[in-house]
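> Structure of the sequence below:
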Amino acid sequence: MTAFDCRPTLNAPDDDPYLWLEDVEGERALDWAASQSARTLEQFGGPQFERDHDALTAIFDRPDRIPLSRRHGQYLYNFWQDARNPRGLWRRTTLAAYMKVDPQWELLLDLDALAASNGEDWIWSGASLEPKRRERAVLRLSRGGSDAVVHREFDLGSFSFVVDGFNLAEAKGEVNWLDPDTLLLSSALGDGMATRSGYARTVRLWERGADPLTAPVIFETGSDTLGVSGHLDRTAESERLWFVEQLACFEKIVRMGDRGGPTVEIDLPRDAWWNAFGDWLAVKPRRAWTVGGTTYAADALIGISLYSFLAGERGFSTLFEPAERRSLQSFFWNDGKLISSYFSNLVPRFEMFTPGPKGWTRRTLDTVPGANNVQLWSLDAEGHETNGEVLVWAQDPITPPQLSLFDLNAAPPLSASLILKRNPENFDASGLVVTRHEAVSIDGEMIPYTQVGPADGNGDAPVHLTAYGGFGMSLLPSYNSSVGKLWLERGGTCVVANIRGGGEFGTRWHDAGRREGKRLAHDDFAAVAADLVRRGITLPRRIAAEGGSNGGLLIANMLTRYPEHFGALFCTIPLVDMRRYPKLLAGASWIDEYGDPDKADDWVFLREISAYHGATPGQPYPPILLATTKRDDRVHPGHARKMAAKLQALGYPAYFYELSAGGHGYGKDNRERAAFIALGTNFLRSAIGWQADGVR
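Numbers count the residues shown, from 1 in each chain. Here you go, the predicted model:
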């Protein structure tokens, strides 16, 4: 009988023989990653992979896809990648031009040319435009896609970098313009300037020409918090600065102040969502909140005059009331109007509230498209410039997205959306149907899921199953060109599960699937897999499950806890080692979601979902591919590396793939993203025996 090295184990979680794989740039670790990646490519590459890779690259590079844009002043700004410009172009146009079929764009920066001239692996991470004169911007450039960025000031008149401008070396953080010559700097750059999670510990007042490292600190927090930030609120009559101290994932303290720093703390629950516009404040308490003699329900939306609130008034107006399967998803201000998005049994709905001296008026935005996945956001990037124009993004799993312009100030029926752009059809959806179902989880909770596939099947459909289930993030099925092209078009079935830990049904749904409930969220996913078999859709060996990041933790737990439900697993950019995760890169920032393994009580439930420690020999584990990127400085690549190494040492069919760039994503350009997805899909199809009978 073969003797396996099972370390680390649940009984000896700190005896870890694979710690060397946490050395991201270590020669031994890189050699291991390279040889493993080569083995995976040799096994699952080949002609079919190449055809899939080419097909996805062509889709991602299509010139007729929607160029998403935000408006600053008179221009709409867009970042665009295609075959000729793999790193991308930063460009702008006017709204009138954008409405045309083929708008003319003014080129601001060619990132491919910049990377070549600098000899750097630059990846675009965004830009912060100075909103008063709009003559300058501070660009965020990432090496290889990491969260840490280099800031460089750019002149929008000469299309060139400002040599002696607001330029900052690589670090995690951000800048916010106060005026053309002054920034608020929230950066981890400098000794003692980073929190335990690697984010900014201070807010500094950085004036043009000054050394950022000696810029005066106007606000700071301790190293055990997540970080701090500051920004100028231009919707106020006089200069108003907000300072945010992020204590944990779902807790923060917000203070109001000026260039000297905070002057008053906002007296709201630390876990509430809220934002302000001018004299108005909107709040969503995460838990029931009793104040001023009134109790407001968890996840309600309430509003009040900000200045009255600061003066001690607590008489909020209730704008939205949640229900069992009616939950607020988001809210934002536009031109003094509050737009709320909520789900009614997972169907998106929108309302607008306008505050005034006599109270708040309500209007249902019933002219928004009725697709089952709709999002709204302001056309204008700066809140103080909003004029009632919002963008509407509508899609469903078999209908490509369309982008519309909606005017909140137009009276019905004149407020109907103006369609600006439509994405092309990227796969053949003929014969596909979209249906909703519910599975019964281990504790009796009903777990919704959406199924897309042929109307008729023979009981062994190749199923692609995915979910996320974390951080209160809601997941609605979308038009997924990759899954559509490589799975649905070829006769397969795809399923998206709304497991607990997400925000689909509010805080209750999220809390039920975090910390000690995370195990329950994983039970939900297994219940959906079992329900697909119960309904006669498929067989366990034909279910291929995929998930990334927090969803990667989910997939790793399917391997160790529910292997009998799956035929193959694709685990991307994952958390896996729940013993050491707070010590790895940004891991400490997620303790609010998962728990603290250094606390004995928390380790009791964390050990139950630490797949790295729970993996043991002699189990019916299905084949698994773990994939990550070397430049992921959010979720440490060591998680995937170590899990693959341990599984292989235990004799399991475990494969590993690592890109050299891409950050917390699937690659730095369209070709790399296409290769990542095509490789994973080819692995899944091969592992469930769908190469010969399903792929054309």
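
> so where's this structure shaky on pLDDT?
1-2, 412-416, 692-696 (pLDDT under 70).

> Closest to the centroid, which residue in it?
Met473 (8.3 Å; Cα atoms, centre = their mean).

> quick one: that one from Val635, how far?
15 Å (Cβ to Cβ, to the nearest Å). Every C-beta, even on glycine, is put in place using the N, C-alpha and C of the backbone.

> hey, where'd the helices end up in the stretch 551-696 of the chain?
Ranges of helices in the stretch 551-696 of the chain, per DSSP state H, counting those that start in this stretch, are 591-594, 600-606, 611-614, 638-649, 670-687, 691-694.

> so Trp465 sits right up against Val528, yeah?
Just so we're on the same page, residue 465 is Leu rather than Trp. Yes - contact criterion Cβ atoms under 8 Å: Leu465 and Val528 qualify, at 6.9 Å.

> joint contacts of those two?
When contacts are counted by Cβ atoms under 8 Å, 6 or more residues apart in numbering, the set common to Leu465 and Val528 consists of Val495, Ala497.

> which element is the closest residue in space to Phe250 that isn't next to it in sequence on?
Spatial nearest neighbour of Phe250, chain neighbours left out: Asp271 (5.0 Å); criterion: Cβ to Cβ, 6 or more residues apart in numbering. Asp271 belongs to no helix or strand when assigned by DSSP states H and E.

> Contact partners for Asp271?
Contact analysis of Asp271 by Cβ under 8 Å, 6+ apart lists Phe250, Glu251, Pro285, Arg286, Arg287.

> 6 Å - rerun?
Asp271 sits next to Phe250, Glu251, Arg286 when contact means Cβ atoms under 6 Å, 6 or more residues apart in numbering.

> now, which of the residues you listed lie within strands?
Of the contacts of Asp271, the ones assigned to strands by DSSP state E are Glu251.

> Please produce a markdown table containing the contacts of Asp271, extended by neighbour count and distance to Asn387.
Below are the contacts of Asp271 laid out as a markdown table (neighbours: other Cβ atoms under 10 Å; distance: Cβ to Cβ, whole Å):
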| residue | neighbour count | distance to Asn387 |
| --- | --- | --- |
| Phe250 | 19 | 33 |
| Glu251 | 16 | 34 |
| Arg286 | 19 | 32 |
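
> For Phe676, state which of the contacts of Asp271 is nearest.
Of all those, Phe250 has the smallest distance to Phe676: 30.9 Å, by Cβ to Cβ.

> my guess is the closest one meets Glu593, correct?
No - using Cβ atoms under 6 Å, Phe250 is not in contact with Glu593, being 8.1 Å away.

> circling back to that earlier point, if I've got this straight, the residue nearest to the centre of the chain is in a helix?
No - using DSSP: H, G, I helix; E, B strand; the rest coil, the secondary structure at Met473 is coil, not a helix.

> ok, now how distant is it from Cys249?
11 Å.

> again, but for Pro262
22 Å.

> Neighbour count: those two, which is higher?
Just comparing Pro262 and Cys249: by other Cβ atoms under 10 Å the higher neighbour count belongs to Pro262, 20 against 17.

> Give the closest residue to that one in space, chain neighbours not counted.
Pro262 sits nearest to Arg255 (Cβ to Cβ, 6+ apart), 3.5 Å away.

> Quick check: that neighbour touching Trp242?
No - if you go by Cβ under 6 Å, Arg255 and Trp242 don't touch, sitting 7.4 Å apart.

> which SSE is the nearest residue to Phe159 once chain neighbours are set aside in?
Once flanking residues are discounted, Phe159 sits nearest to Leu108: 5.7 Å by Cβ to Cβ, 6+ apart. Here Leu108, judged by DSSP H and E, is contained in strand 106-110.

> any chance of the helices of the stretch 551-696 of the chain in TSV, plus mean neighbour count and distance to Gly46?
Below are these laid out as TSV (neighbours: other Cβ atoms under 10 Å; distance: least, Cβ to Cβ, whole Å):
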stretch	mean neighbour count	distance to Gly46
helix 591-594	20	39
helix 600-606	15	40
helix 611-614	24	30
helix 638-649	24	21
helix 670-687	23	8
helix 691-694	11	10
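
> got those helices as a markdown table, with distance to Pro355 columns?
Listed next are the helices of the stretch 551-696 of the chain as a markdown table, based on distance: least, Cβ to Cβ, whole Å:
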| stretch | distance to Pro355 |
| --- | --- |
| helix 591-594 | 32 |
| helix 600-606 | 43 |
| helix 611-614 | 49 |
| helix 638-649 | 46 |
| helix 670-687 | 43 |
| helix 691-694 | 56 |
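
> which one of those helices lies closest to Glu516?
Comparing the helices of the stretch 551-696 of the chain by Cβ to Cβ, helix 600-606 comes nearest, at 4.1 Å.

> How far does the closest one sit from its chain's centre?
27 Å (Cα atoms, centre = their mean, to the nearest Å).

> One more: stretch 377-396?
Relative to the centre of its chain, stretch 377-396 is centred 19 Å away, using Cα atoms, centre = their mean.

> for stretch 34-52, same thing?
On Cα atoms, centre = their mean, the centre of stretch 34-52 falls 28 Å from the chain's centre.

> Show me which positions of it end up buried.
Gln36, Ser37, Thr40, Phe44, Gly45, Gln48, Phe49, Asp52 (16 or more other Cβ atoms under 10 Å).

> likewise stretch 375-386?
Under 16+ other Cβ under 10 Å, the buried positions of stretch 375-386 are Gln375, Leu376, Trp377, Ser378, Leu379, Asp380, Ala381, Glu382, Gly383, Glu385, Thr386.

> any idea how far Tyr666 is from the closest residue to Pro637 other than its chain neighbours?
Of all residues not flanking Pro637 in the chain, Thr628 sits nearest, at 4.3 Å (Cβ to Cβ, 6+ apart). In this view, Thr628 and Tyr666 are 10 Å apart by Cβ to Cβ.

> Neighbour count for these two, which is higher?
Just comparing Thr628 and Tyr666: by other Cβ under 10 Å the higher neighbour count belongs to Thr628, 29 against 22.

> Would you enumerate the residues in contact with Gln329?
Taking Cβ under 6 Å, 6+ apart as the test, what Gln329 contacts is Ser341, Tyr342, Phe343.

> Among the residues you listed, which ones are in helices?
If you go by DSSP state H, the contacts of Gln329 have nothing in helices.

> can you redo those residues as TSV with distance to Asp602?
Below are those laid out as TSV (distance: Cβ to Cβ, whole Å):
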residue	distance to Asp602
Ser341	34
Tyr342	33
Phe343	31
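
> any idea which of these is closest to Arg349?
Tyr342 (5.4 Å).

> Find the nearest non-adjacent residue to the closest one, please.
That would be Leu328: by Cβ to Cβ, 6+ apart, it lies 4.8 Å from Tyr342.

> CA atoms only for the particular helix or strand that has the one you found in it, dumped as CSV, please.
Element membership for Leu328 (DSSP H and E) is strand 326-334. What follows is strand 326-334, C-alpha atoms only, in CSV (Å, rounded to 0.1, in the frame of the first residue of the first chain):
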residue,chain,number,x,y,z
ARG,A,326,-37.6,41.5,-2.1
SER,A,327,-34.2,43.1,-1.4
LEU,A,328,-32.4,46.3,-2.1
GLN,A,329,-29.4,45.9,-4.3
SER,A,330,-27.9,49.3,-4.8
PHE,A,331,-28.7,53.1,-4.9
PHE,A,332,-27.0,56.1,-6.3
TRP,A,333,-27.6,59.8,-6.8
ASN,A,334,-28.1,61.6,-10.1
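
> how close does His613 get to Cys571?
To Cys571, His613 is 16 Å away according to Cβ to Cβ.

> And for Trp333?
39 Å.

> So these two - more neighbours on which side?
Cys571 (32 against 19).

> follow-up on the earlier one: how deep is the residue nearest to Pro262 tucked in, by neighbour count?
18.

> What of Arg201?
With other Cβ under 10 Å as criterion, Arg201 counts 26.

> Can you report how many residues lie near the residue nearest to it when sequence neighbours are not counted?
What sits nearest to Arg201 in space, not counting adjacent residues and going by Cβ to Cβ, 6+ apart, is Thr195, at 5.0 Å. As a burial measure, Thr195 scores 23 neighbours (other Cβ under 10 Å).
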